[in-house]
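> Predicted coordinates and the sequence they were generated for:
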Amino acid sequence: MLYVAGQMSQTSWGPLAERFAHGRRLRKKVPRERHAELLGSGDRDPVAILAAGDRSRVPELVPVRYERMLASPFAFLRGAAAVMAEDLKHQARAGISVQACGDCHLMNFGAFATPEQNIVFDINDFDETLAGIDFTVDLKRLVASVAVAALAANLPKKRARAIAAETARAYRNRIGILAKLSPLEIWHSKVDLAREIERIDDSSLRRQLTAIVAKTIEHIEEDDNFPHLVKGKKPRIEDRPKLIYHFTAKHDSRDRVDSKRVFASYQACLAPERRHLVERYALKDVAFKVVGVGSVGTFCAIGLFMSGDGAPLFLQVKEAGKSVLECLGPKFQDHPGRRVVEGQRAMQAASDVFLGWTQDDPSGRYFYVRQLKNRRLGSVSELVEQRALASYAHLCGRTLARAHARSADPAVLAGYMGKNDAMDDALASFAMAYAARTQSDYDRLVKAKRPATKQR
């Protein structure tokens, strides 16, 4: 059998038992118990690592980034993908590469409508995605985020560790199931949100989530996004100061892009049938949008497009740079927006039909384009994470397994992780150790930034 760990063979895969055995042999090189260790010094300066990423951001939004990260240790973890990538350089790796999400924390998963108008649960954001990365990188960030979120919810350390272990077990068990499927069955597998809601023990939460999904399906063609459309002779995006606003003469020219040229370049990268779809809409307005935690300060805008009959379409233009994971694997030498788009298509069960990439040559900025997320469905993750953390963490573990199985052989992954809880237990120990490091890093950021934040 021709096989390179973590990469699809140029020929068909060999028998399941053979591939499983290959994964077992990898344990001799890197025993599963080694993943319990948090290696590398905690004395590296997280504030300096974060500051290095501020240089290319919109200057007036950098304080907003830190304000959001200072909200809690979990918010800090969300915004500190670069810090954790630096730490993950020192950790044990199994030797099985995947297309990695790169920023795999609990709130980077969510519900959305597929092009076929089904509601699925999947990974949401791919700003840091990169191919050729060990599968444990995503898994360690996910279980660490589970531990940090559990402790932030004032759960006992024993319970936080147990939920982290259960998340790893959910990943391992789903990989074991996927290993028995054909490559095509793996590719078409998805996580149906309605079915997952039935797994939640909290009956009132189940009813609330079911109502959200039902309402979304009933009004799936209606745009429920924030921003709001201001109608009139000249339709435009409504300003919501500090979150959504139009550029004025006061703004630095470096914070602007030539929107017409950017969208024209985007259309040129699309497949012909998708280009024809986009061409049925005309660009009417563009506004800047402040997004996320780690993304705050990167260039992000929304374009309002209208059909001839006045139907709106909101497309998001989001800046793409180098992945923080390049310190862990191969460097991506092509268009950074293309890296994001191709990574998303590789990992998601059903990708946005409007995905594409573009650039603004005068400013030297690279972007990817996607349809703006549905605000109603966006509330699902927050609700479940707050009220049913264990169920939500399990769901994220299963979802990550499905995403990884599209780019790596799940039989090899199953062979490495095995059928007992050795890997789960090791990852839970890592998660708790990294939660403690995150608290320490957060405290250092508070000490460095809190006075400046109060003075703003």
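Sure thing, it's come through.

> Please count neighbours and contacts with C-alpha atoms only from this point.
Will do.

> I figured Arg280 was touching Asp309, is that so?
No: shown here, Arg280 and Asp309 do not form a contact pair, counting by Cα atoms under 8 Å, at 10.3 Å.

> So those two - more neighbours on which side?
The residue with more neighbours, out of Arg280 and Asp309, is Arg280; 11 against 7, by other Cα atoms under 10 Å.

> Which residues lie in contact with the more buried one in this structure?
Shown here is Arg280, whose contacts under the criterion Cα atoms under 8 Å, 6 or more residues apart in numbering are Ser307, Gly308.

> Which pLDDT value belongs to it?
As predicted, Arg280 sits at a pLDDT of 95.

> so where is the stretch 1-150 of the chain shaky, pLDDT-wise?
Filtered on pLDDT under 70, the stretch 1-150 of the chain yields the residue ranges 1-12.

> which residues in it form helices?
If you assign secondary structure with DSSP state H, counting those that start in this stretch, the helices in the stretch 1-150 of the chain sit at 16-29, 46-52, 62-69, 73-79, 81-88, 135-152.

> SS state for the nearest residue to Ala390 once chain neighbours are set aside?
Distances taken as Cα to Cα, 6 or more residues apart in numbering place Ile163 nearest to Ala390, at 5.8 Å, with adjacent residues excluded. When states are read from DSSP: H, G, I helix; E, B strand; the rest coil, the local structure at Ile163 comes out as helix.

> Report whether the expected contact of Ile163 with Ala393 is present.
Yes: counting by Cα under 8 Å, Ala393 is a contact partner of Ile163 at 7.4 Å.

> Need the residues touching each of these two.
Where contact means Cα under 8 Å, 6+ apart, the residues bridging Ile163 and Ala393 through contact with each are Val146.

> higher neighbour count, the two?
Ala393 (27 against 22).

> on that earlier part again, make JSON lines out of the helices of the stretch 1-150 of the chain and add distance to Arg365 and mean neighbour count.
What follows is those, written out as JSON lines (distance: least, Cα to Cα, whole Å; neighbours: other Cα atoms under 10 Å):
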{"stretch": "helix 16-29", "distance to Arg365": "41", "mean neighbour count": "17"}
{"stretch": "helix 46-52", "distance to Arg365": "17", "mean neighbour count": "15"}
{"stretch": "helix 62-69", "distance to Arg365": "18", "mean neighbour count": "19"}
{"stretch": "helix 73-79", "distance to Arg365": "21", "mean neighbour count": "25"}
{"stretch": "helix 81-88", "distance to Arg365": "20", "mean neighbour count": "21"}
{"stretch": "helix 135-152", "distance to Arg365": "27", "mean neighbour count": "26"}
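
> List the residues that contact Val341.
Applying Cα under 8 Å, 6+ apart, the residues near Val341 are Phe126, Leu355, Gly356, Trp357, Tyr368.

> Could you check the helix or strand hosting it and say which residues are buried?
Element membership for Val341, per DSSP states H and E: helix 336-347. With burial defined by 16 or more other Cα atoms under 10 Å, the residues of helix 336-347 counted as buried are Pro336, Gly337, Arg338, Arg339, Val340, Val341, Glu342, Gly343, Gln344, Ala346, Met347.

> tell me how far it is from the chain's mean position?
For helix 336-347, the gap between its own C-alpha mean and the chain's C-alpha mean amounts to 12 Å (Cα atoms, centre = their mean, to the nearest Å).

> quick one: Ser259 and Ala287 touch, right?
No: taking Cα under 8 Å as the contact criterion, Ser259 and Ala287 are not neighbours in contact, 9.9 Å apart.

> Spatially central residue in the protein, please.
For the chain, the residue sitting closest to the mean C-alpha position, by Cα atoms, centre = their mean, is Asp125 at 3.2 Å.

> so it touches Gly110, yeah?
No: with contact defined as Cα under 8 Å, Asp125 does not count as touching Gly110 (9.2 Å).

> so what's in contact with the two at the same time?
Common neighbours of Asp125 and Gly110, counting by Cα under 8 Å, 6+ apart, are absent.

> Gln371: what's its closest spatial neighbour, skipping adjacent residues?
Setting aside the residues directly before and after it, Gln371 is nearest to Leu315 in space (Cα to Cα, 6+ apart), at 4.5 Å.

> That neighbour belongs to a strand?
Yes: going by three-state DSSP, the assignment for Leu315 places it inside a strand.

> Helix or strand: which one has the residue located most distally from the centre of the chain?
Residue distances from the centre of the chain (Cα atoms, centre = their mean) peak at Lys233, which lies 38.3 Å from the mean C-alpha position. No secondary structure element spans Lys233, as it lies outside all helices and strands (assigned by DSSP H and E).
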